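1. quick one, what's the 3D model for this:
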Amino acid sequence: MADEQSGFELDACVAAAGIGTWFYDSVEGLMLGDGSRGDDAEQLAFYSCFARYPQLVVFSGAQRAFIYDYYLRIRIPCLGLHGYPVADVPSRDDFVVGEADVAGTWLWSPDMGMRSYPAGEAEWMRLYVQCPPTIPGVDGWSQE
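-> Numbers count the residues shown, from 1 in each chain. Below is the predicted model of the structure:
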């Protein structure tokens, strides 16, 4: 699938730019694994990678509902149990029916609402194993 391929290419491009653990925030842009905003050079590198390998995944309402339910029932409680409570969770209706954010492809995730963040990449990896960010079931979102 082309969308999956571009996702792998985007990840590889960002890694080649020297950026380790990261996520995207529709307001701040590139966010690093420690919760800080990438510096100008990192933001530019991410922008360049995203321009080369755009993410064009569009989720149906049913897919968004599946994702939201997983976050609400499993991921958010798991993060809290491991010392990373999540704030500012959107309502189900806003998440499922609401407008796509400014990138047009990215969904809110609990990582965006964590009140604190793991100190480094090893802690992020441990947290991702204990509280997986995705589960099988949605093409373009699931990391199978």
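
2. what is the burial count for the nearest residue to Phe50 once chain neighbours are set aside?
-> Spatial nearest neighbour of Phe50, chain neighbours left out: Leu10 (6.6 Å); criterion: CB to CB, 6 or more residues apart in numbering. Any C-beta I mention is one placed from the backbone N, CA and C, and that applies to glycine too. In terms of burial, Leu10 registers 18 neighbours under the definition other CB atoms under 10 Å.

3. for Leu10, give its distance to Thr134.
-> Applying CB to CB, to the nearest Å, the value for Leu10 to Thr134 is 16 Å.

4. and if you look at His82?
-> With distances defined as CB to CB, the gap from His82 to Thr134 amounts to 17 Å.

5. next: Tyr24.
-> Distance check for Tyr24 against Thr134: by CB to CB, it reads 15 Å.

6. try Gly20
-> Distance from Gly20 to Thr134, by CB to CB: 19 Å.

7. ok, those two, which is more surrounded?
-> Thr134 (16 against 12).
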